[in-house]
Each structure stands twice: as structure tokens, then as C-alpha cells.
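Enquirer: Predicted model, plus sequence, below.
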Amino acid sequence: MAIAAVDAFARLARKVDSLMRGLPLHTPAVEAEDVQGIVLRGYGSLPYAAYPLLRFSDRKGARAWLERFLTRIAPGRPHDANAQAEALQLAFTPAGLLALGLTHDELQGFSSEFLSGIFGPHRSRFLGDVDESAPEQWRWGGPQNTEAHALLMVFAKTQARLSELQAELRQSYVAHSVSEVHVLETAELSRTEHFGFVDGISQPAIDGYHQSDSRLHKIKPGEFLLGYPNEYGLYTERPLLDGTRDTRGTLPLDAQGSSRRDFGRNGTYLVVRQLRQNVPLFRETLDRLTRRPDGSSDEEAQAYLAAQMVGRWPSGASLLEAPYGDDVSKARSNEFRYQALDPVGARCPIGSHVRRANPRDALPPHAGTEYSLEVNRHHRLIRRGRTYGQPLPHGQSDQADRGLMFVAINGNISRQFEFIQHSWLNDPRFNGLHGQADPIASASNDNQFAPSPKPVSAYCTGLPRFVTVAGGGYFFMPGIRALRFLSELSS
Amino acid sequence: MPHQEALTIIAPVAEEREAELAEVMRALAANPAQNDVLAFGALPGCHFGRVLHLPASRDLSGQKIGPQLMLLSDCDGSAQKHLKQLVDVAGPGLDRLFGSCIDYPRQPSPANRVAFLQKRVQRVKAVYVHRQGRTVEQIRREAELRDALVSFVAERHFDGLSATAIREQIIAHVRTTAPLRWALDPAPGIDASYRIRNALDALALPLGLVALGPVVVPAALLLLLLVRLQEQTDVMQHGRPSPELVRTLTELEDFAAHNGFTAGGYVKPGWVRRAAVASLLPLIGWGSRHLFTRDSLAGVKSIHFARWVPMDDGRRVVFCSNYDGSLESYNNDFIDLVAWGLNLIFSNGLGYPSTRWLVFGGARYEQEFKNFLRRHQIPTPVWYSAYPHLSARNIERNAALRAGLRGHMTEQGAQAWLSLL
């Protein structure tokens, strides 16, 4: 009873906290015309994309280049998917912002994860970027690679248009002392990733932009855009500049009323990781683990084990709603909660990939309650990944390079991307498990996985690492006005 | 079965010998479990241990506080007995560790080592234990039991059997396997003498409130009002920890299932805040002993042991805990689950995010709170865990597995029990 009283008090304290904060009662509308479009949509109508990494060698040239392309950086509004044939988006590394003329002091307003970067002794260990995924071996973004200043994202309706655009861009680089450090290629847009599963189903709906009533997916804009209240009812830390830096008044004022200019508003952080998928190894492992007693392959068992590891069927249907076989009619269903239907993972294993990447209501403080959903909302990502490399037809094997060009959008890299990667995917003790890191994406080379208990779990052991990291970076994607401000800087 | 106690030793260090101490600390840090200074792994019943070298500092009025050496451990049974074992096990190693402390015996013997340490034991009232009575031995054996049962189950085929039938087979296996048979007995309860003392202790607070209520309640309200007045002038500090400090701290983090957390800071100036700390720490201790006794500190289930150590006549407080997972997730638990409880005590510390009425606000200012904790964190290279591969949830599940070897279970209950494997 005393514990219940303490609980009730804690609930009251949280209520009082949000009331005392004096925030506007309604979430402010997202200024979509100032947000780069990729935050709000995945450009499904533009199936071809490439992401050049750029480096500036001359400040003036860089600004002139930025000015030249400024009007072509696609905002979130207006938007006409039918008319749109291309879209450019632009994000920077800390070095890139310095190259364009932000000062070291001004840079301190950005998050410390962005400033210290995606690799380092602790961070690499934390993210599981070790051994074959170590940054020293990356193709881009690592300590051995040329440091990029900017990530340009080029989307086009046709392959021809994409090539044209890239040719035009390359010409523009020459005139402005911009160099192309590396290009991240993607394959023609497909909803299915290389292991054979529809990907990117569960996306947050941004409160103040997307229409949604979902208790699960409707998330405050501040979780994905700086300058808006987040799920704590607070403004995430962001770079506020002195008024004197912005004599033309290009930047918006700080929404919190400090009279400073908000360089961060409508901007966000991008986590980009090139995740190489070893498809032959994945299929061999499934085969090895599901052989019949006579040693023959069992394709049905392989499909079931793969679905157990993912937590969804290839169509995207959740194991929660389709426990015994794929069901296309459930493919888009995404409002399910785990606790009531499946507290011990009898349908969808506790350790399955999607149940870890977004546990919904399944974790403490009180699984199955609004309270757990509230906590879960602090750890969401907008995902804009696209595959790269050619799909491997069934029954074939090769050494080709293929995988996912993972792109996640979040306002707080530490609480969102890094937390999910470390505490939910890589932690072998996630949610009370013993020795089970994520069966699909973990960093472990000797992993275990417990499929749904029937009624005992038959552990799969010796799971190798199917996904390795071949490059990565943290980028800041400014709002449109902040881009203009950068191009106008004169010092 | 013994209960758990916290041993806290604080000894002033002779300033001219700090370099020597730093050297010994490095030797100790290389492997806190096994070394020739103080092998925590050789201490019977030691759950967690750490040694801290606090450098000299100046308090808020500019008065100097000399360097100090702290030894903290969480042990099975009385801290007094544990201290004697410490001297037995480490003996001459302690001479090296405490040799740089003021007044350490020149010709150390077992007796005067004990006497030296005993004199420097700090009685700490606010101590949290995840589950009273669960010993190191029990935790380790139950983890072994789980491994053995997982292997047993992996070798068998249970096709078509009900959960209750499988459970019966598992129980039969335990019964017929001599090294596992102990698991059929219930985990021993805590010593009767402790339980009696604890029950009296539990009554002390409500009885005291009834007896002294007419004085204590108005005094507490007055104190709260005074705190509220002082809160009005608190200034929110936004500063980030220095990148160097963050690097030093993170390079020690995230190797095991859990981390050791140590943070220290000054209590805000004035008697009001000091009185608040002095009256709240025993309350937190009482709550930990009598309310938060079952695997959760006011909702946070990832802390194995924690304690708040008042230092330097109440001018400073050092907080130590052993928590599962990363600091980010620990912080998030604090903010999401028990912000009010942290505010209660930490808001009396200098630089803490603004609170209202002692419990509101504070830790709910996510970024300021996270920065505050990092800024006040003390690197703890000498930190030991007796079960570095087990989270608190793991330990609970292992205990539940063992408990489920006894008694009747429905099919549903047996299913849930099997899912622990």
C-alpha cells in the first residue's frame, strides 16, 4: 500500500511538473516550409538516390555553392509528389559548419554526441562498432577516411535524372572548390530489405504535422526537430546565436523567448550508417539451425525462424497478430501492443529485432500501461534508410556488397539512436534476457536467440554477426532559413 | 541467511604522500578483483567494492578540505565482521593502501589495522539494497542453476508434453543431480535477529511521528517553506561537463552488465539546506529498508546497491550506486520514474536544476539534470562487482526459477515459469 502511495505521488509529481512548465497547451504547428522534406517524408515517389559526401576547401566558394543550390533544397512544404522529379537535401558535420563560418563557441550549442562524432574508444564500444565493424576499417566517416564537411542527399524520379543531377553537381563543385569525398550509393527504392523483409513500417507521426491519434506513434515534434517542445515538454538543447550575428534577421527568434536567434529551429540530427548485410551467411545459418533430423533442409522452418528473429513476417505482418504464418492483410497493421497478448513472447519473442527496436508497452515501469508507452516515446526514430547493392536471389550465393544505407532522424542522438542501439539492440540482458543480443543487428559474433517458448525455448546458439558497419557519421540537417543564414555569413 | 550491510571507511590522506597513493590506486585499478593490494574477489560475501581518492578541495566558504581515501563495500552480514575479514584477507596490502593516510600505524599489526579502520568507519544511514538477504553465494549459485537447467532442457525433446509435465522432468532432474539438489530447498530467510531489529526500526518512524508529531510536523512544514523561499533564488545551471571529464568517465564505463556510479557535491550554503539533508537522509534510509525492499527503488529496478554518504560535517554528500546498463539509461530511469525522489535529496546540492517545493522540477529538466550528474561524477577506476555478468533482472529471474522448483503450478503458471529459461 505504501508503494502504491509512492507510485501515486510520483504520478502526481509528473502531472504537476508538466503543468508548472507553462508550455502552450497545444503543440505548435510544424513550420514545414522551413524543414527539409526528408524529415517529413521518405520520398517514395523518387526511387533513385545517391548521397555524396562533400568537403569544402574555400569558405567563399562553399558559401557561393550553397547559395547557388539553396532554392533547390526541398522544403517539407509546398510538396507535390506527382510533380516532383527530384529533391536535394543537405546536412553538415561540425567541421563543415566551421568551414562555412560558425565559430567554435557557436558550435557548443550543438549536442555533444554530434560534436564528438560517431567514433571514439568508448562510443565505438558502446555502439558495437568493433572488430570487423571498427571505424578504422570504414570506407567513409572513420579516422582513416578524409573528413567530410557535408552530406548531400540527391533523390530523383528516374535513374537518368539522377545521373544528370550528379553530373550537374559535379560541375558545380569544380567552380566552388568543393570536392566529392565519397558517394553513398543506394539501390532502386524497395520496401524489402536484403534479408527479405518489408522495412520501415513503424514510423513516428510528428505531432503538429502528421494527422494521427495513435498513442503509440504520435510523438512531439521536439523529438525530431529542434526548437519545438519534446516529449518532456522541454526544448532540446540547440545552437542559439547572438542577434548581432544575424543582422538581416534571417534566423527565427528562439521560441523559448531568450531573444537570441535559433540556428537549430527546424533542423535535426541525422545518423547515417552503412550496414553491410551478409545474406549468404544469414541464409546458411537459418538452414543450419533448422535441419530435419535426417539432415535435409526445411524451408518452412527457416522462414519461421527468420520471422521469429525479426518479429515480423516478410510482408511486415507482426508475429503478434499472425503467429503461425504470414498474413498480408496484417502487413500494415501497426497499432499492436505486446503486453496483453504476449507477455512472455510466446508469439513474438522478447529478443526479436522489432520487439527490441521498439518495445512499445513491453518494458518497465509497468508493462502494458500508458506509463510504459510514455517512456517508450522518449526513444523513437524516424527512419529513412534505403538499400544498396543488388538483392541476392534465393538459392544463390555470392560475395557481393549489399546492405542498408541506414538513415535515422532524431533530436537527441544520445537518448534516441545511441540508447536504442546500445540498451535495446546490443545489450544481451535486454528486458531480463540472458546472453541474447539482437539476433539480426547485434555486434556479437557468438550470439544466442530464444525463439518463442513451446513451451520451452529451444535456444539457437553460435549466431554470427550478419550485419557489419562499413561507414557512419552524425550530421546536422539545418532548416531552410539556417541554410540561407550560412550562405549569407560574411565573416 | 545474513542481511546486507554497507561498509564505509573515510580516512584523511597526508598531502605529501598523495603521489604514493595514486601509484597504489593504479595497481589496484588494473584488476580490483585480484591484485596484491586489496583483492575484492577474495573477500567473502562482498557484492560490490570501490576505493576512491578524493583530492583536496575548498568548501563554499573557502575553507580547505584535505584529500581523503574512501573504501566502500556492500557485504553479506555485518559490516563489522566484514571489516575484520578485510584485514585478514588484505593485511599488508592495506598498509600500502592506507599507508599514506594520516595516523596510520607505523608498525601495523592485524589488531591496529582493525583499530585504525574501525575508527574511520562512517555510519551511513541511507543505504539501498535491491533485495535484503540475497547473498553473493546465492546469486552465483542460482545463476549456475539456470545455466545447468538451460543445458538440460537443450538436450531433451519435450515434443507434445505439457508445461507442467516438463516442469516435473526438470524437478526430477534437479532432485537426481547431486550438485543441484540444494536448489530444491527454499532460499533461506534472513536471520531472525535482523528481522526483529528491522521490525522495531520500521515501527520507530510512525511511532516517533505520533509521539513527536506536534513538534516534528510543524517543524518539517516550516523547513519546507524555508526551502521553498530559497528555491526562488536558485539559478539554473546549464553548463556541460568538460570533454576531458566525459572521456575519463566513459572510458571506464560499459564493460560489465552494470557500472559503478559515484558522484559528489557540496550542499547549498546555509543551515536550511543542511537541515534538509540531515533529516532526509535517515528518511531515505528508512524508506529503503521498509518500503523499497523488493527489487525496486521507488520504481527503478536496475540498482543493485546504493548509498548516500554525508561527508565533512554535512558540507558534502557523496552518492554511490551500482546500476545496470548505460549511464544514459540510468539517467532516463531517474528522470522518468523517480525524479521526485532524486529532487528530494539532490536539490540540496549546489548546481542542481531548479526545483519547486523540493520535489517538482529538478530532474525533470532532462538536459540540465544529465549535465549536473556528469559534472559531479567522480571517476571510479577501482570498482568491483562479484557478478559482473548479471543484471538485477537476471538475478530476480534466476531466483524465481529456483523458487519455481517447489510447490504446485497450474499449466499457465508452469508456462510462465518455463519462459524464465
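Expert: It's in.
Enquirer: Number of residues surrounding the residue nearest to B:Ser78 when sequence neighbours are not counted?
Expert: Take B:Ser78 and drop its neighbours on the chain: the residue closest to it by Cβ to Cβ, 6 or more residues apart in numbering or on different chains is B:Glu5, 5.7 Å away. C-betas here are computed from N, CA, C, even on glycine. Applying other Cβ atoms under 10 Å in any protein chain shown, we find 20 residues neighbouring B:Glu5.
Enquirer: does B:Glu5 have beta-bridge partners, and which?
Expert: B:Cys75 (DSSP bridges).
Enquirer: List the residues that contact it.
Expert: Residues near B:Glu5 by Cβ atoms under 8 Å, 6 or more residues apart in numbering or on different chains: B:Asp74, B:Cys75, B:Gly77, B:Ser78, B:Ala79, B:His82, B:Val127.
Enquirer: who's in contact with the fifth one?
Expert: Counting by Cβ under 8 Å, 6+ apart, B:Ala79 touches B:Glu5, B:Ala6, B:Leu7, B:Val121.
Enquirer: please redo it, this time with the cut-off set to 7 Å
Expert: B:Glu5, B:Ala6, B:Leu7 (Cβ atoms under 7 Å, 6 or more residues apart in numbering or on different chains).
Enquirer: ok, the second one touching B:Arg307?
Expert: Yes. Contact status for B:Ala6 versus B:Arg307: in contact at 5.2 Å, counting by Cβ atoms under 7 Å.
Enquirer: Now the common contact residues for these two.
Expert: With Cβ under 7 Å, 6+ apart as the test, B:Ala6 and B:Arg307 both reach B:Val124, B:Val127.
Enquirer: Low-confidence bits of the chain, can you list those?
Expert: Defaulting to chain A. A:1-3, A:21-25, A:491 (pLDDT under 70).
Enquirer: where along it do the helices fall?
Expert: A:2-20, A:59-69, A:94-100, A:104-107, A:112-116, A:121-127, A:159-175, A:279-290, A:299-310, A:353-357, A:370-376, A:419, A:480-488 (DSSP state H).
Enquirer: got those helices as a markdown table, with distance to chain B and mean neighbour count columns?
Expert: A markdown table is the format used below for the helices of chain A (distance: least, Cβ to the nearest Cβ, whole Å; neighbours: other Cβ atoms under 10 Å in any protein chain shown):
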| stretch | distance to chain B | mean neighbour count |
| --- | --- | --- |
| helix A:2-20 | 4 | 14 |
| helix A:59-69 | 26 | 17 |
| helix A:94-100 | 13 | 20 |
| helix A:104-107 | 12 | 12 |
| helix A:112-116 | 6 | 18 |
| helix A:121-127 | 4 | 18 |
| helix A:159-175 | 33 | 14 |
| helix A:279-290 | 13 | 18 |
| helix A:299-310 | 14 | 20 |
| helix A:353-357 | 14 | 24 |
| helix A:370-376 | 5 | 17 |
| helix A:419 | 5 | 22 |
| helix A:480-488 | 21 | 21 |
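Enquirer: For the residue lying farthest from the centre of chain B, report the pLDDT, please.
Expert: Outermost residue of chain B with respect to the C-alpha centroid, by Cα atoms, centre = their mean, is B:Gly160; its distance is 45.8 Å. At B:Gly160, the pLDDT value in this model is 87.
Enquirer: SS state for it?
Expert: coil (DSSP: H, G, I helix; E, B strand; the rest coil).
Enquirer: dump the residue contacts of it.
Expert: With Cβ under 7 Å, 6+ apart, B:Gly160 has no contacts at all.
Enquirer: Under a three-state scheme, what state does B:Ala19 occupy?
Expert: Strictly by three-state DSSP, B:Ala19 counts as helix.
Enquirer: neighbours around it, how many?
Expert: Neighbours of B:Ala19 using other Cβ under 10 Å come to 9.
Enquirer: State the distance from B:Asp159 to B:Ile166.
Expert: For B:Asp159, the distance to B:Ile166 equals 10 Å [Cβ to Cβ, to the nearest Å].
Enquirer: Let me see the contact set for A:Gln396.
Expert: Counted by Cβ under 7 Å, 6+ apart, A:Gln396 has zero contacts.
Enquirer: Which of the contacts of B:Ala79 sits closest to chain A?
Expert: The closest of those to chain A turns out to be B:Ala6 (Cβ to the nearest Cβ; 22.4 Å).
Enquirer: give me phi/psi at the closest residue to that closest one other than its chain neighbours?
Expert: Of all residues not flanking B:Ala6 in the chain, B:Val127 sits nearest, at 4.6 Å (Cβ to Cβ, 6+ apart). In terms of degrees, to the nearest 10, the main-chain angles of B:Val127 are phi -130, psi 130.
Enquirer: Hmm, B:Val127 is touching B:Thr8, no?
Expert: No. B:Val127 sits out of contact with B:Thr8 when judged by Cβ under 7 Å, with a separation of 9.1 Å.
Enquirer: check contacts around A:Arg191.
Expert: A:Val198, A:Asp199.
Enquirer: Give me the next element, helix or strand, following the longest helix anywhere in chain B.
Expert: Selection of the longest helix in chain B by residue count, based on DSSP H, yields helix B:192-231. As assigned by DSSP states H and E, the chain's next helix or strand after helix B:192-231 is helix B:243-250.
Enquirer: got the CA positions of that following helix in PDB?
Expert: C-alpha atoms of helix B:243-250 as PDB (Å, rounded to 0.1, in the frame of the first residue of the first chain):
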ATOM      1  CA  PRO B 243      35.000  16.800 -22.700                       C
ATOM      2  CA  GLU B 244      38.100  15.600 -20.700                       C
ATOM      3  CA  LEU B 245      36.000  14.600 -17.700                       C
ATOM      4  CA  VAL B 246      33.500  12.800 -20.000                       C
ATOM      5  CA  ARG B 247      36.300  11.000 -21.700                       C
ATOM      6  CA  THR B 248      37.800   9.900 -18.400                       C
ATOM      7  CA  LEU B 249      34.500   8.700 -17.200                       C
ATOM      8  CA  THR B 250      33.300   6.900 -20.300                       C
END
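Enquirer: Please work out which residues outside that helix touch it.
Expert: With Cβ under 7 Å, 6+ apart, helix B:243-250 has contacts from A:Ser116, A:His122, B:Arg374, B:Gln377, B:Pro379.
Enquirer: do stretch B:135-152 as well
Expert: Outside stretch B:135-152, the residues that touch it by Cβ under 7 Å, 6+ apart are A:459, B:1-2, B:45-47, B:76, B:170, B:173, B:180, B:183, B:187, B:386-387, B:390, B:395, B:398-399, B:401-402, B:421.
Enquirer: And chain B, split by domain according to the record?
Expert: According to automatic domain parsing, chain B comprises the domains B:4-123, B:136-186+B:391-418, B:192-385.
Enquirer: May I see the ones you listed arranged in JSON lines, with distance to A:Ile38 as well?
Expert: JSON lines is the format used below for the domains of chain B (distance: least, Cβ to Cβ, whole Å):
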{"stretch": "domain B:4-123", "distance to A:Ile38": "46"}
{"stretch": "domain B:136-186+B:391-418", "distance to A:Ile38": "38"}
{"stretch": "domain B:192-385", "distance to A:Ile38": "26"}
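Enquirer: Which of the ones you listed sits closest to A:Thr192?
Expert: Proximity to A:Thr192 (Cβ to Cβ) singles out domain B:192-385 among the domains of chain B, at 32.3 Å.
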